[in-house]
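Participant: Kindly return the folded structure for what I paste below:
(3 chains)
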Amino acid sequence: MVTIKETLNEACEEYFLPGNSCCSGCGLELALRWAMKALGPKTALVTPASCLNVVIGLWPKTAPNFPFINMAFAAGASAATGFDAAFKAKAYRFPNKDWDKITTLVFAGDGGTTDIGIQALSGAAERNSNILYVCYDNEAYMNTGIQRSSSTPHSAITTTTPFGKKRYKKDLPRIMEAHEIPYVATCSISEPLDLYEKFKKAKDIKGCRYIHILAPCPPGWGYPAEDTIEMARMAIKSGLWILYEVENGIKTISKPSKRFLDPIKRLPLIEYLSKQKRFRAVSEKQLITLQERIEKRWKRIEADLEAQKQ
Amino acid sequence: MSKVKDIIQNKETIIIKGNVAAAYAAKSARVQMISAYPITPQTTVVEKLSEFVDGGLMPGTQYIRVESEHSVMASVIGASIAGTRTFTATSGQGLFYMNEMIHWAAGTRLPIVTAIASRGAAPPWNIWADFTDVINSRDTGWMSAFCATHQEIYDEILMSYKVCEDHEVLLPKFVAYGGFILSHTSKPVIIEDQDLVDQYLPPLPDEKGWPHIFIDPDRPMMHGNLIMPSGFYSEFRLKIQDTIMKAKEKIKKATKEFERLFGRNYGNGLIKEYYMDDADVGIVIYGDLALQMEQAIEDLREEGYKVGMVKLRYYRPFPTEDIIEIAKKVDVLGVMDRGTAFGSPTGGPVSGDVLASLYNTGIKTKVLPMMSGIGGREVSLEQQKDQIKILIRLKETGELPDDLIHGTLWHGKLEVK
Amino acid sequence: MSESSEWKKISKSKEERPKIQVYKNWKELPPIPISLPIEGNIGITGDWRTFRPLILAGCNKCGICWMYCPEGVIKQREDGSFIIDYTYCKGCGICAKECPTKNIEMIRESEAKDE
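Facilitator: Take a look at the predicted model:
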């Protein structure tokens, strides 16, 4: 695992310039900052409608110091496919100029990925388009004012679920695994070095790559801005958020999540939920169900790892 | 620099379907990226193009098989932003589905050319010639032209790239032709010599991409952020209107240049007049029905009637000045639509625009809005002669036909005895 | 297209193009709005702060505050120590919360001495 000293040496440049309109303590900003450190400036980023679309500022100034295109809500993965095709066409006409070495990156929110963007993403995955699709998951439609998305967890209070969401969170990394693309990974902003390594690995893989990052949101989740990292960390500690990679069908649990295979080591879920205002209406019964679901998810992962051994 | 394999095409006349002519035009235009999704009656365009690309006849061209029409336009927009010449084709419902991205393409001022094998709007399902789909997108900022013949499909797509990629235009364009009637019937089409086409068309965008938008890590830029009402948003939209109106001159120039190089005349580009100079009665018509109307005009001229016709080639930008000039020539002008604009003053898109063009000019010409061929309904030569005779009667007696529906003559209505 | 060809400068190299584009009316505008990257694009976000982080003398230069700062305003000096750019620091407090040796203190802006 890379160390902080090493990243200070090789990746100290900031590609997302400060003084932008991200909220103070924004999880998305930290995720993008570390993603760009790993990918470098030869990256073309497409973002469908999301927080990222707006925090980059008003015309004629902007924050990202690399090519950045805003796109319509449902069109993230498709526009990226178009970029990739154009780079290949350019590389044919102008060979030896590294036009096809530009990483096409999609940085979409959970709404633009799990809901309105899922058709385009599924299409791009099926075609194995040479794009790196990143979903930064703040678990609701935060840009439009905290409405529920299919990535919002059960019992969370949002403006369109004022008494708590009745349905469970859509497990999009597992859906992407089923597309049999070369690389699927989950990350969290509380483990930036793990994120950095995964992005560095993804950069060199050809084909459709999918990375899902947990990016807590202070106004949306209802906690003070300074606790952003702590929230992401507790999600991992409670076993709710599992860090893993699936490379060409082989699943491995990432180091920060490994010890939580053992249920005894996991933080009780109530400690994670009680720190966020959005879970203030969780009932005892719901808490038990949610805890059981965590057990079930880990059992499924264990079964996957067992099946791989054969 | 290594020599890259190139497109070879010698001039030949082949008997091909309209859709295949569109595919050949995209090949002659050296398009670099094609996005494909099947929808009747356009499907053969993308099928033929996949034969070209996978068969190595279009080296370097990328062909993407996407999962919906919305993704078709999104991927074409992405490829165009990155600085390549792009092409796609769709019809009817597909065009409606990608409506959001149609607006996006025009707002980003990308020179995308899209072939539309026009079909009627659903429900009920109808896959035959009806221009309602292109007309539905008339306010988006896309230019649009109608083709009357198979050769015109090939020629118009070439002329489109010349107009769209002009650095003072940079707007996308539809090339529409009747579904099945042109898309699936075969006629001889001249496929031009590649060297001659290269002389006519602007060169492919270079590494720097388009002048106004580009993806280049050495020159990072961002497009698509917010502009407040107090900012220049409405001025940017004003520029689209200004540009599309000024494009009329570019269209005329490109059409003239085409005639000079390839020997085929398409009027002044925006319209083509037929026997209008000494006509008393005229009709404005577009699409494949315009071709048949030429025969009707000739037959009626032999009977002694002084009739003429104007083939409307471009719908957006609307040739206001040309319509005013031709209206001055005749006493009665019929406008034959093949698409619906519900709730508008005439129910027909072009007739409404003609009436709007003539207002405040002092011209006293009687305009009769007409509609035929909706949903691909066949319109025979006899019926077209009958339509002209109705206009002649209007001129001679001043009597409007008695079966107008809200002021418009829906000709050829089905009556079951 | 545009009465002023000023807008064509945006397609020039990073060094030659203007840092901030200025157009007076619709005729001077480029065909589409293009934004160019600049620090502080929304303004001096340092004004957002109620509390500011202060790195204390006991800092062991571990770099964890640099790693976790979402804005990226913590920079490393030549000697390995860290300095915070108060022009853009939004005062979220993550660095103070995450410092393993508790050597970052959040003090009120009104009480902070300008350095």
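
Participant: For the strand or helix carrying A:Ala125, list every residue counted as buried.
Facilitator: Element membership for A:Ala125 (DSSP states H and E) is helix A:118-126. In terms of neighbour count (16 or more other C-beta atoms under 10 Å in any protein chain shown), helix A:118-126 has its buried residues at A:118-125. Where C-beta positions appear, they are placed from N, C-alpha and C, glycine not excepted.

Participant: For the residue lying closest to C:Ala112 once chain neighbours are set aside, list the residues it contacts.
Facilitator: Closest residue to C:Ala112 in three dimensions, ignoring its sequence neighbours and counting by C-beta to C-beta, 6 or more residues apart in numbering or on different chains: C:Arg52, at 5.3 Å. The contact partners of C:Arg52, by C-beta atoms under 8 Å, 6 or more residues apart in numbering or on different chains, come to C:84, C:86, C:89, C:91, C:106-107, C:109, C:112.

Participant: So which of those residues is surrounded by the most neighbours?
Facilitator: Ranked by neighbour count (other C-beta atoms under 10 Å in any protein chain shown), the contacts of C:Arg52 have C:Gly91 at the top, with 24 neighbours.

Participant: Leaving out chain neighbours, which residue sits closest to that residue?
Facilitator: Spatial nearest neighbour of C:Gly91, excluding adjacent residues (C-beta to C-beta, 6+ apart): C:Arg49 at 3.3 Å.

Participant: okay, now the one you found: neighbour count?
Facilitator: Neighbours around C:Arg49, by other C-beta under 10 Å: 19.

Participant: does the residue nearest to C:Ala112 count as helix, strand or coil?
Facilitator: Of the three states, C:Arg52 takes strand under DSSP: H, G, I helix; E, B strand; the rest coil.

Participant: hang on, the earlier thing: could I have the helix or strand just after the helix holding A:Ala125 exported to PDB, CA atoms only?
Facilitator: Going down the chain from helix A:118-126, the next helix or strand is strand A:132-137, by DSSP H and E. Taking Å, rounded to 0.1, in the frame of the first residue of the first chain, the C-alpha atoms of strand A:132-137 are listed here in PDB:
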ATOM      1  CA  LEU A 132     -13.600   4.700 -16.300                       C
ATOM      2  CA  TYR A 133     -17.000   5.300 -14.700                       C
ATOM      3  CA  VAL A 134     -16.900   6.600 -11.100                       C
ATOM      4  CA  CYS A 135     -20.000   6.900  -9.000                       C
ATOM      5  CA  TYR A 136     -19.600   9.200  -6.000                       C
ATOM      6  CA  ASP A 137     -22.300   8.000  -3.700                       C
END
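
Participant: For chain C, which segments count as helices?
Facilitator: For chain C, applying DSSP state H gives helices covering C:64-68, C:94-98.

Participant: tell me what the last one is packed against?
Facilitator: Right, helix C:94-98. helix A:228-237, helix C:64-68, strand C:104-108 (3 or more C-beta pairs under 8 Å, 6 or more residues apart in numbering or on different chains; DSSP states H and E).

Participant: For B:Ile271, list the residues it contacts.
Facilitator: B:Ile271 neighbours (C-beta under 8 Å, 6+ apart): B:310-314, B:319, B:322-323, B:326.

Participant: Check the burial of the residue nearest to A:Pro263 when sequence neighbours are not counted by counting its neighbours.
Facilitator: Using C-beta to C-beta, 6+ apart and skipping residues adjacent in sequence, the residue nearest A:Pro263 is A:Glu295, 6.6 Å away. A:Glu295 has 12 neighbours, counted by other C-beta under 10 Å.

Participant: host element of A:Glu295?
Facilitator: helix A:284-309.

Participant: any idea how far that helix is from the chain center?
Facilitator: 21 Å (C-alpha atoms, centre = their mean, to the nearest Å).

Participant: and the gap between the residue nearest the centre of chain C and A:Lys61?
Facilitator: Closest to where the C-alpha atoms of chain C average out (C-alpha atoms, centre = their mean) is C:Tyr88, at 4.2 Å. C:Tyr88 is 14 Å from A:Lys61, where distance means C-beta to C-beta, to the nearest Å.

Participant: same check, this time on C:Lys102
Facilitator: Taking C-beta to C-beta, one finds C:Lys102 at 37 Å from A:Lys61.

Participant: who's more crowded, these two?
Facilitator: Neighbour comparison, C:Lys102 and A:Lys61: the larger count goes to A:Lys61, with 24 against 10 (by other C-beta under 10 Å).

Participant: hang on, that one packs against C:Glu39?
Facilitator: No - using C-beta atoms under 8 Å, A:Lys61 is not in contact with C:Glu39, being 9.4 Å away.

Participant: Thought B:Leu394 was touching B:Leu409, still the case?
Facilitator: No - when contacts are counted by C-beta under 8 Å, B:Leu409 is not listed as touching B:Leu394 (9.9 Å).

Participant: what about the two, which has more around it?
Facilitator: Shown here are B:Leu409 and B:Leu394; by other C-beta under 10 Å, B:Leu409 has more neighbours (24 against 19).

Participant: For that one, grab phi and psi.
Facilitator: Torsion angles at B:Leu409 (phi, psi; degrees, to the nearest 10) stand at phi -90, psi 110.

Participant: How about the contacts made by it?
Facilitator: B:Leu409 neighbours (C-beta under 8 Å, 6+ apart): B:368-371, B:390, B:401, B:403.

Participant: so A:Glu302 sits right up against A:Pro263, yeah?
Facilitator: No - applying C-beta under 8 Å, one finds A:Glu302 not in contact with A:Pro263, separated by 10.9 Å.

Participant: which stretches of chain C have low pLDDT?
Facilitator: Along chain C, segments meeting pLDDT under 70 span C:1-4, C:113-115.

Participant: For chain A, see how far away the closest residue to chain B within it is.
Facilitator: Nearest residue of chain C to chain B (C-beta to the nearest C-beta) works out as C:Trp26 at 3.7 Å. Distance from C:Trp26 to chain A, counting by C-beta to the nearest C-beta, to the nearest Å: 14 Å.

Participant: what's the burial count for the closest residue to that residue other than its chain neighbours?
Facilitator: Leaving aside its sequence neighbours, C:Trp26 sits nearest to B:Glu235 (C-beta to C-beta, 6+ apart; 3.7 Å). Neighbours of B:Glu235 under the rule other C-beta under 10 Å: 17.

Participant: Report the secondary structure state of B:Glu235.
Facilitator: Going by three-state DSSP: B:Glu235 is helix.

Participant: wait, it sits on C:Asn25?
Facilitator: Yes - counting by C-beta under 8 Å, B:Glu235 touches C:Asn25, with 7.4 Å between them.

Participant: Nearest to the spatial middle of chain A, which residue is it?
Facilitator: Mean-position check on chain A, C-alpha atoms, centre = their mean. Result A:Ile213 at 2.4 Å.

Participant: Which strands or helices does the strand or helix carrying that one pack on?
Facilitator: Secondary structure assignment for A:Ile213, by DSSP H and E: strand A:209-214. Where contact means 3+ C-beta pairs under 8 Å, 6+ apart, strand A:209-214 is packed against helix A:27-39, strand A:132-137, helix A:172-178, strand A:183-188, helix A:192-203.

Participant: wait, does the last one make contact with chain C?
Facilitator: Spelled out, that is helix A:192-203. Yes - residues of helix A:192-203 contacting chain C under C-beta under 8 Å from any C-beta of the partner chain: A:192-193.

Participant: could you give me the average pLDDT of that helix?
Facilitator: Average pLDDT, helix A:192-203: 97.

Participant: before we move on, back to that, which one of the helices and strands packed on helix C:94-98 is the most hemmed in?
Facilitator: The highest mean neighbour count among the helices and strands packed on helix C:94-98, using mean count of other C-beta atoms under 10 Å in any protein chain shown, belongs to helix A:228-237: a mean of 23.

Participant: name the helices or strands packed onto it?
Facilitator: So helix A:228-237, by 3+ C-beta pairs under 8 Å, 6+ apart, packs with helix A:27-39, strand A:183-188, helix A:269-273, helix C:94-98.

Participant: I'd like the next helix or strand past that helix.
Facilitator: Counting by DSSP H and E, the next helix or strand C-terminal to helix A:228-237 is strand A:244-247.
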